[in-house]
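J.: quick one, what's the 3D model for this:
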Amino acid sequence: MKFGWINGFGAGVVLLMLIPNIIYAIKNKGEKNLCTNRFMNGIEQVGRYTCIVLMWLPLLVWEFGFVSVLEMLLYLAGNGVLLAAYWIVFLLYFKRKSRARALALAILPACIFLLSGLLLRHWLLAGFAVLFAIGHIYVTLKNAEDV
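T.: Just a heads-up that it's a prediction; the model follows:
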């Protein structure tokens with residue numbers, strides 16, 4: 001299976017990941033980033049926005065595709081399960097914040113980006129997923145110290 005030059009499924013995954021984040025931002029307008037490490041904040045943001053773009057745009061890859069049907073099924077099922085887990089943890093986090101839930105909300109999107117990068121053989125996405133994971137987990141743990 002080939003996606004061509006735009007991955008609509010990847011774009012859909014990104015949109016579904018953004019929905020609870022937008023709701024959270026609206027409900028918690030005054031919340032401040034407690035992480036004062038500018039380098040780690042920068043790594044997180046560069047990783048985040050690059051992964052968002054690379055999920056649907058195959059930069060430095062001719063087209064998105066899979067070597068086998070099994071890889072395609074792993075991609076669809078894996079992203080589906082990880083996305084469902086992300087939504088469930090977000091719903092739980094809305095009810096009661098905890099450090100463990102915050103950490104899960106940092107790890108799950110990184111796993112989605114990494115799984116997508118590896119199965120699509122989009123090495124740039126996989127690399128930025130690792131960068132995002134390092135920054136996002138660090139910043140999340142700093143912000144969740146008081147939770």
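J.: find me the pLDDT at Met1, would you?
T.: Turning to Met1, the model gives it a pLDDT of 55.
J.: longest helix of this protein?
T.: helix 69-95 (DSSP state H).
J.: and for whichever helix or strand comes after that one, what's in contact with it?
T.: Downstream of helix 69-95, the first helix or strand assigned by DSSP states H and E is helix 99-119. By Cβ atoms under 8 Å, 6 or more residues apart in numbering, the residues outside helix 99-119 that reach it are 10, 13, 17, 51, 54-55, 66, 71, 74-75, 78-79, 82-83, 85-86, 89-90, 92-93, 122-130, 132-133, 136-137, 139-141, 143-145, 147. In short, each C-beta sits where N, CA and C put it, glycine included.
J.: quick one: name whatever helix or strand follows helix 99-119.
T.: helix 123-143.
J.: let's test this: mean pLDDT of that following helix, rounded?
T.: Here helix 123-143 scores 97 as its mean pLDDT.
J.: all good on my end, thank you.
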